[in-house]
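# how would this look folded up:
(2 chains)
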Amino acid sequence: MTLVFHILALVLVVLGVVFIFAAAVGVSRFPDALQRMHASTKAGTLGAILILGGAMAALGSEAAAVGTMAMLFMLLTVPVAAHLLGRAAYVSGAPLRLVVGTNALLGVLQRQDVPLEERTEFVAYAPGPAPVVVPEPADESLPPLSDVRLALIAPDIAPVLSRALAIRNANKVPLKAIAVVDDAFLQATGDPQGARLKVRENVAKAIEEMETLLPKKRSFFTLSYEEGDPMRLIPAREDLGSLLVLPWQGWCHHGVELATPMATGRPEGLLRLADHHAGGTLYLGRKDKATDPVVAVADDGGDAILAGTEWALRAGLWSSPQLLLVGVGTTARRELFAALVAEHDARLVDKYCQMAAGAKLPPEAAGADALITATLPRPKRADWYGMHWHQSIAPNWAGEVLVVPSGAERR
Amino acid sequence: MTLPDLINYGSYALLVALCVPLLLSFFRMLRGPGVADRFVALDMLTGIAVAMAALAAIVTGRREFLDVAFGLAVFGFVGTCALAAFLERKGGNKQ
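Model prediction:
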């Protein structure tokens, strides 16, 4: 009897080692993770169990209990672990090589396109050649209007929405509404949770109102809602063709009047949004829309204002506008603008205004319907100790203000 | 040489021979190239460790090594499950 057990032990142990050898060769030679697992989990486990059996046979009855337990445990757990690992490998996008036939898991499990190691920086899966960066040739003119963004700022959203819709309809570009809750404001109130609820309530009302104002067919429209830093969330930092439409007052606290004892001054950055936006930024005015609107152009003699004006005319922000040049007033500049309006549905008003001291616009231009400018007046606060920022453009200014993409950002 | 001696020395030899699969799996774990490959190789390593513990039990004649084998199997299972969960959560979410 002992002889049988000894022979059995020898056979089992040798067989087990052979299986483990096969498994190890498979693990090191197979081409992808799932095939390697196929070797390790089946042959490897069988090998380990056979060797355990051999040990039980060699050691006799005193080892039987724990040996059987270990064998049973391995038989029960290894398939579970293998299943989990295989599933994780598939889901994480581990490459599958030499796979033939249809993918039966298609539509059952979501699979990553790129394996994990290629999505993390510390290991390169297959380092390819570095991408060659071809510098784009510098272009004098701006790219055409590519999308219209609007900041949904409660409570007064109707003017912004209708203006943005009109521009969108004229150009057939996507329209993007962005509702942001300013986290800095919430923190500054000292009671972020309570303030958040109030602000959210206002935003919800604004979104409901927006639903009634939008047309039924609106595949071009997207709405995104975020809580965080409006400077980061609202502007488009790269896209020169993007137009950002903003109201003339208000901020991402959405009309919630709460004291902000935790901050020096009120968190507010309506005018600074234009600095972070690569494309043009349009601040709405309080005036009604005029036919043949007078558009004052604050000409600072730079390229940005010229390119920006051309861009605005091309996008048709105003229908057949009359441009009123304000600023440096050399004949050469006037020629440039004259050439510009000749290409578009626009006219040049035959009147020249000097830039007035103090206020940005002279009295002749103060009644214009819109202003195209490269820079906003400082300080860039919508409300500076009770003085609204429109006052620093011109006394009783009520028109729109378009901030063109600045020259520095255009390479 | 008696049969128990043969089993004893043979197991010793097999224990040394198992170093080859151990090294093969170990190199696979080092080289990867993917995260999943490393986890599979680690799973294989614990399997080989169980087998080596069983062989050590034969060589030394002490059945305590079977307890070691059992413990290694438990740890291997838990470890593999944890790594699989990690791979699925960290590697599976669409960004």
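# mind listing the strands in chain A by residue range?
A:147-151, A:175-182, A:221-228, A:242-246, A:280-283, A:294-299, A:322-327, A:347-348, A:370-373, A:383-384, A:387-388, A:400-403 (DSSP state E).
# Kindly report the same for chain B.
Under DSSP E, chain B gives no strands.
# Show the contacting residues for the closest residue in space to A:Leu85 that isn't next to it in sequence.
Ranked by CB to CB, 6 or more residues apart in numbering or on different chains and with sequence neighbours excluded, the top spatial neighbour of A:Leu85 is B:Ala84, at 4.4 Å. Using the backbone N, CA and C atoms, a C-beta is placed for each residue, glycine as well. Listed by CB atoms under 8 Å, 6 or more residues apart in numbering or on different chains, the contact set of B:Ala84 reads A:Ala81, A:Leu84, A:Leu85, A:Arg87, A:Ala88, B:Phe39.
# A:Leu313 is in contact with A:Ser320, correct?
No - between A:Ser320 and A:Leu313 there is no contact under CB atoms under 8 Å: 10.1 Å.
# of those two, who's got more company?
A:Leu313 (20 against 12; other CB atoms under 10 Å in any protein chain shown).
# Now do the contacts for the more buried one.
A:Pro321, A:Leu340, A:Val341, A:Glu343, A:His344, A:Asp345, A:Ala346.
# Would you mind measuring from the nearest residue to the second one once chain neighbours are set aside to A:Asn169?
With sequence-adjacent residues excluded and distances taken as CB to CB, 6+ apart, A:Leu340 is closest to A:Glu310, at 5.4 Å. Distance of A:Glu310 to A:Asn169, given as CB to CB, to the nearest Å: 21 Å.
# Same question for A:Thr189.
39 Å.
# With A:Val78 instead?
Where A:Asn169 is concerned, A:Val78 sits at a distance of 64 Å (CB to CB).
# follow-up on the earlier one: A:Thr189 and A:Asn169: who's more crowded?
Neighbour count, other CB under 10 Å: between A:Thr189 and A:Asn169, A:Thr189 has more, with 22 against 13.
# A:Glu257 is in contact with the more buried one, correct?
No - with contact defined as CB under 8 Å, A:Thr189 and A:Glu257 do not form a contacting pair (10.5 Å).
# just to revisit the earlier point, now that we're looking at the residue nearest to A:Leu85, how far away is A:Pro115 from it?
Counting by CB to CB - B:Ala84 and A:Pro115 are separated by 15 Å.
# try A:Ile393
55 Å.
# what do you get for A:Thr375?
49 Å.
# Between those two, tell me which one has more neighbours.
Neighbours per residue (other CB under 10 Å) separate A:Thr375 from A:Pro115, with A:Pro115 holding more: 23 against 17.
# got a list of what the residue nearest to the more buried one when sequence neighbours are not counted touches?
Of all residues not flanking A:Pro115 in the chain, A:Gly93 sits nearest, at 4.5 Å (CB to CB, 6+ apart). Counting by CB under 8 Å, 6+ apart, A:Gly93 makes contact with A:Arg111, A:Gln112, A:Asp113, A:Val114, A:Pro115, A:Leu116, B:Gly91.
# picking up where we left off before, what's the closest of the contacts of B:Ala84 to A:Leu243?
Checking the contacts of B:Ala84 against A:Leu243 with CB to CB, the nearest one is A:Ala88 at 45.1 Å.
# now A:Thr291, nearest residue through space, not along the chain?
A:Ser319 (7.6 Å).
# Just the pLDDT at the one you found, thanks.
For A:Ser319, the pLDDT comes out at 80.
# Quick check, central residue of chain A?
Centroid-nearest residue in chain A, with CA atoms, centre = their mean: A:Leu233, separated by 7.2 Å.
# residue contacts, residue 20?
Just so you know, I chose chain A. Counting by CB under 8 Å, 6+ apart, A:Ile20 has contacts A:Ala43, A:Gly44, A:Gly47, A:Ala48, A:Ile51, B:Leu18, B:Pro21, B:Gly47, B:Ile48, B:Ala51.
# The intended chain is chain B.
A:Phe21, A:Ala24.
# got a pLDDT number for residue 41?
Just going to use chain A. Reported pLDDT for A:Thr41: 90.
# should've been chain B
For B:Ala41, pLDDT reads 93.
# list the buried ones in stretch A:161-177?
Going by neighbour count (16 or more other CB atoms under 10 Å in any protein chain shown), the buried part of stretch A:161-177 is A:Leu161, A:Arg163, A:Ala164, A:Leu165, A:Ile167, A:Arg168, A:Asn171, A:Val173, A:Leu175, A:Lys176, A:Ala177.
# quick check, nearest of these to B:Arg28?
Closest to B:Arg28, out of all of these and judged by CB to CB, is A:Lys176, at 48.6 Å.
# Beta-bridge partners for A:Gly228, please?
Going by DSSP bridges, A:Gly228 is paired in beta bridges with A:Asp182.
# And it, how far from A:Asp182?
From A:Gly228 to A:Asp182 the distance is 8 Å (CB to CB).
# between these two, which one's more packed in?
A:Asp182 (23 against 13).
# burial measure for A:Gly265, as a count.
10.
# any idea how far it lies from A:Pro144?
Counting by CB to CB - A:Gly265 and A:Pro144 are separated by 39 Å.
# With A:Ala274 instead?
20 Å.
# more crowded one of these two?
The neighbour count for A:Ala274 versus A:Pro144, taken as other CB under 10 Å, is higher for A:Ala274 (26 against 12).
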